[in-house]
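A.B. asks: sequence plus the predicted model coming up.
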Amino acid sequence: VDMGGNTNLSFIPYDANAPIVGLGDVTRLVPCPLSHTITTEGFYGNPLTTYLWSDGSTDDHLDVTDFGLYTVEVSYSTGCSVVDSIRVLPAEDITPPLIVDCPMNLTFDSSTDFCGVIATWTPPTATDACQLDSLISNYAPGDSLPLGTTTIVYTAYDASLNSSTCSFTITVTDIQPPTI
């Protein structure tokens, strides 16, 4: 008989290795962009339950803003506690990054006493719904370009190796008169 007069009781032995109720699978796939809440019922939501997440927060839930491993220790007033973890990973990402502000085609006059030009431009930027890995180019602002037309290509990759490209041309015109 408990303090409330209940006589039909069953007890489940304490198991410190048991998964935390409500935390779910070991790995959770979340679509991008990431805005997700991990919840746990701890010891069946007992009001005397305390929580300690790996980031130091003490709520019964954790608002996740980055992919990775999250650990929570759930403690009961009797001193029993359970530690469990969940890894939050992106669901299959098939969306390529977005490249913005790709320059328009440019034309430069050649430099004096140089058959080319030191070309400058404002590089584009890239974003990704999940995680941008890199934005690379075959040329960079300040590179020396020869006479004629050169194609500049920027490629953005995300963590799932999806990619997108933007390109523009730089034409260098020879304005040097020949010398005799």
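C.D. replies: Right, received. Where do you want to start?

A.B. asks: from residue 96, how far off is residue 159?
C.D. replies: Distance, residue 159 to residue 96, using CB to CB, to the nearest Å: 12 Å. (C-beta placed from N, C-alpha, C; glycine too.)

A.B. asks: what segments of this structure are strands?
C.D. replies: With DSSP state E, the ranges of strands along the chain come out as 27-30, 36-39, 50-53, 61-64, 68-75, 81-90, 98-100, 106-109, 116-118, 125-127, 132-137, 144-146, 148-158, 163-173.

A.B. asks: and those, which one's lowest on average pLDDT?
C.D. replies: Lowest mean pLDDT of these: strand 27-30, a mean of 56.

A.B. asks: quick one: residue 40 from residue 137, how far?
C.D. replies: 46 Å.

A.B. asks: give me the more crowded residue out of these two.
C.D. replies: Neighbours per residue (other CB atoms under 10 Å) separate residue 40 from residue 137, with residue 40 holding more: 24 against 16.

A.B. asks: distance check, the more buried one against residue 61.
C.D. replies: Residue 40 is 7 Å from residue 61, by CB to CB.

A.B. asks: just give me the residue closest to the centre of this protein.
C.D. replies: residue 131 (3.0 Å; CA atoms, centre = their mean).

A.B. asks: that residue reaches residue 161, doesn't it?
C.D. replies: No: using CB atoms under 8 Å as the test, residue 131 is too far from residue 161 to be in contact (11.2 Å).

A.B. asks: please name the nearest non-neighbouring residue to the residue nearest to the centre of the chain.
C.D. replies: Among residues not flanking residue 131 along the chain, residue 159 sits closest, at 4.0 Å (CB to CB, 6 or more residues apart in numbering).
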